[in-house]
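Okay, predicted coordinates and the sequence, questions at the end:
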Amino acid sequence: MKAFMKKYSNIIAIIGLVALLAAGVIALIMKSFSIPVEISLIVAVIFLGAYGIFNPEKILSFFQGRQAKHGANSLVMTLSVLVIIVVVNIIGYKNTVRWDLTADKTNSLTKETLSTLKSLKEDVYAQAFFSSNTSSTDAKTLLLNFKSSSNGKFDYKFIDPNQEPAAANAAGITRDGTIVLTMGSSKEIITSVTENDITSAIIRLQSPEDKIIYTLVGEGEPSFTTNAATSFYYANQELKSKNYTIKDLNLISESKVPEDAKAVIIAGPQKPLSENEVSILKDYVDKGGSLLIMYEPTVMTQFGDSPDPLSTYLSSTWGMTLENDFVVDMTANASSTAVVTKYGSHEITKNLTNMASILPSARTIKVDTTKKDLTLTELAYTSSQSWAEFDLASLKDNKVKFDAGTDQQGPLVVAASGLNPSTKARIVVFGDSDFVTDSYYQYYSNADLFINAVDWVSNQDALITLTSREQTTRLLVTPSGYGLSAILLGTVVLIPAAIILAAIIVFVRRRREV
């Protein structure tokens, strides 16, 4: 056995050294003295110890020979370099000073954000819920910038909601890529990773206010509190997680909209609002109030041929006319579903680029962009393969087809917003309400579209405007002609030839010394 071990002692030593190296590499990667590190060290000790036991004469001869001196020098130099590296890393870890060497300071926070962080009186803690399905690279960079500039007042942690579902449920998380900011007992949730969103959330944490949203009831609207496929329960839960308080409002029994209302939501009424209800809403809007209106096609309601005072008010006062049609979209699996892939330029849709929304049953909105004293925006468009079907009877008979004489070819507007600069009143109108129900709320960007609209009508969209950075345009000019030939000659011929020539010279000199 001893002869066998002695014969293969070199292999045993190599295995021990490899195990020792593996322990060091794993410790650096995992940044902890973990079980794999312990196992690697145990293997290294066993194999290196075996080498020393079965081949002691090689160890003694090494330390007594000339090689020992050179080996000792090399060992001292190696240990010195390792000590320097360790000390530098420790200093760097404890002193997180960062430099932004980009010309336009791309990786630096704006002066408004830095001022906000400097004014923090309490600590802010961010929980970033990102699974492996969602890239967290931008979020990590941004949150690190906030932490580094906060003088210890801002910290964060990344959590995988799939690995830690209890933490996600406790935080009220319904979507991947959500960041929860807490300060004391206050909480803010953001679903888009931008400096402006995080800074605005911190400002809201420092100045908490009641954000009360009233939802209209009395005309057969789906419930915001019942958990059902046709209700708005998921939307209600997310609004609550963003510190909104949701209350019912029945204008049949109430004479006015409460003064504490940030906005009123009218979601999927099955019957037309009365003249008196619309008059109350008009008075509220004239004083700077905001409405979020989500209408269904009349064929999906009990409107029939009854007058619709709210639709008339929107058309005459706000230049947004709800057409009596039904969107048919041939790009969807069900042609009755309108697919939105293009959005207008607006605060509501700024983070929805390259994202889709689906509206299960929609009608179109005609926007009068020439309306004076109003800022009107077409928010969402269907595809070019859709059309507005005006023959609603054909829907019941399942004989829908495009009629160039009466129907309108897509793209079609299915959502619009209006702002009165003088009164600060805001209105958002959707030609569908089903996209917010529990059956569709978490599909595609439906939730983002709705929540963004609520934030906008509630004046939560622009608490701070960050200084825009000047973008430095950089162009790579590719050399041509003699320049390109010189580069090719130097990299492919001259540099390799110089290396080979140096090797030959060293080899010849060593041969002569021997």
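Looks like it arrived, so ask away.

name the element the residue sitting nearest the centre point of the chain belongs to?
For the chain, the residue nearest the mean C-alpha position is Ser192 (4.0 Å; CA atoms, centre = their mean). For Ser192, there is no enclosing helix or strand under DSSP states H and E.

Give the helix, strand or coil label for Pro36.
Secondary structure state of Pro36, per DSSP: H, G, I helix; E, B strand; the rest coil, is helix.

Distance check, the residue nearest to it when sequence neighbours are not counted against Ile189.
Using CB to CB, 6 or more residues apart in numbering and skipping the chain neighbours, the partner closest in space to Pro36 is Ile26 (5.0 Å). All C-beta spots, glycine's among them, are computed from the backbone N, C-alpha and C. The gap separating Ile26 from Ile189 is 37 Å, by CB to CB, to the nearest Å.

same check, this time on Ala19
On the measure of CB to CB, Ala19 and Ile189 end up 48 Å apart.

What of Leu489?
Between Leu489 and Ile189 the distance is 60 Å, computed by CB to CB.

More neighbours: which of these two?
Higher neighbour count among Leu489 and Ile189: Ile189, with 22 against 11, using other CB atoms under 10 Å.

Could you please name the strands the host helix or strand of that one pairs with and the direction of each pair?
Using DSSP H and E, Ile189 sits within strand 186-190. Strand 186-190 has the following strand partners under DSSP bridges: strand 178-183 (antiparallel).

What are the contacting residues of the partner strand?
122-129, 139, 143, 171-173, 187-191, 193, 198, 201-202, 205-206 (CB atoms under 8 Å, 6 or more residues apart in numbering).

and the residue nearest to the centre of the chain, what does it touch?
Ser192 makes contact with Asn351, Asp448 under the criterion CB under 8 Å, 6+ apart.

swap in Val414?
327, 338, 340, 359, 362-365, 380-382, 430-432.

which stretches of the stretch 101-250 of the chain have low pLDDT?
101-107 (pLDDT under 70).

So which residues of it form strands?
Ranges of strands in the stretch 101-250 of the chain, per DSSP state E, counting those that start in this stretch, are 124-129, 154-159, 178-183, 186-190, 211-216, 244-249.

among those strands, which is nearest Ile500?
Closest to Ile500 of the strands of the stretch 101-250 of the chain, according to CB to CB: strand 154-159, at 50.0 Å.

List the buried residues in that closest one.
Within strand 154-159, the residues scored as buried using 16 or more other CB atoms under 10 Å are Phe154, Tyr156, Ile159.

Starting from it, tell me which strands it pairs with and how they run.
Take DSSP bridges as the rule and strand 154-159 pairs in its sheet with strand 124-129 (parallel).

Now do the partner strand: distance to the chain's middle.
Relative to the centre of its chain, strand 124-129 is centred 13 Å away, using CA atoms, centre = their mean, to the nearest Å.

Then stretch 151-166?
15 Å.

between the contacts of Val414, which has the most around it?
If you rank the contacts of Val414 by neighbour count (other CB under 10 Å), Ala362 sits at the top with 34 neighbours.

quick one: which of the buried residues of strand 154-159 is nearest Lys211?
Lys211 has its nearest neighbour among the buried residues of strand 154-159 in Phe154, at 23.4 Å by CB to CB.

Pretty sure the closest one sits against Thr116.
No: using CB atoms under 8 Å, Phe154 makes no contact with Thr116, being 10.1 Å away.

Any idea what the residue lying closest to Lys242 once chain neighbours are set aside is bridged to?
Closest residue to Lys242 apart from its sequence neighbours, by CB to CB, 6+ apart: Ile189 at 5.1 Å. On the basis of DSSP bridges, Ile189 is bridged to Val180.

for the strands of the stretch 101-250 of the chain, which one sits closest to Leu322?
Across those, the minimum distance to Leu322, taken as CB to CB, is reached by strand 211-216, at 16.2 Å.

Do a quick rundown of the helices in the stretch 351-500 of the chain.
With DSSP state H, counting those that start in this stretch, the ranges of helices along the stretch 351-500 of the chain come out as 393-397, 446-457, 482-489, 495-513.

okay, these, which one's buried deepest?
Mean neighbours per residue, mean count of other CB atoms under 10 Å, is largest over those for helix 446-457, with a mean of 23.

could you give the angle of that helix to strand 244-249?
Angle, helix 446-457 to strand 244-249, by axes from the mean of the first three to the mean of the last three CA atoms, to 10 degrees: 80 degrees.

tell me what helix 446-457 is packed against?
Judged by 3 or more CB pairs under 8 Å, 6 or more residues apart in numbering; DSSP states H and E, the packing partners of helix 446-457 are helix 233-241, strand 261-267, strand 290-294, strand 357-359, strand 413-419, strand 426-430.

residue ranges with poor pLDDT in this structure?
Using pLDDT under 70, the chain drops low at 1-9, 28-34, 52-107, 461-478, 480-482, 513-514.

Give the buried residues for stretch 208-227.
For stretch 208-227, the neighbour count (16+ other CB under 10 Å) marks 211-219, 221-224 as buried.

For that stretch, what is the distance to the chain centroid?
Relative to the chain's own centre, stretch 208-227 is displaced by 27 Å; criterion: CA atoms, centre = their mean.

May I have the distance across that stretch, first residue to last?
Distance between the two ends of stretch 208-227: 29 Å, counting by CA to CA, to the nearest Å.

ok, Leu379 - contacts?
Contacts of Leu379 by CB under 8 Å, 6+ apart are Tyr343, Gly344, His346, Ile348, Thr349, Val413, Ala415, Ala416, Ser417, Val428.

Just give me the closest of those residues to Ala166.
Out of the contacts of Leu379, the member with the shortest distance to Ala166 (by CB to CB) is Ile348, at 32.9 Å.
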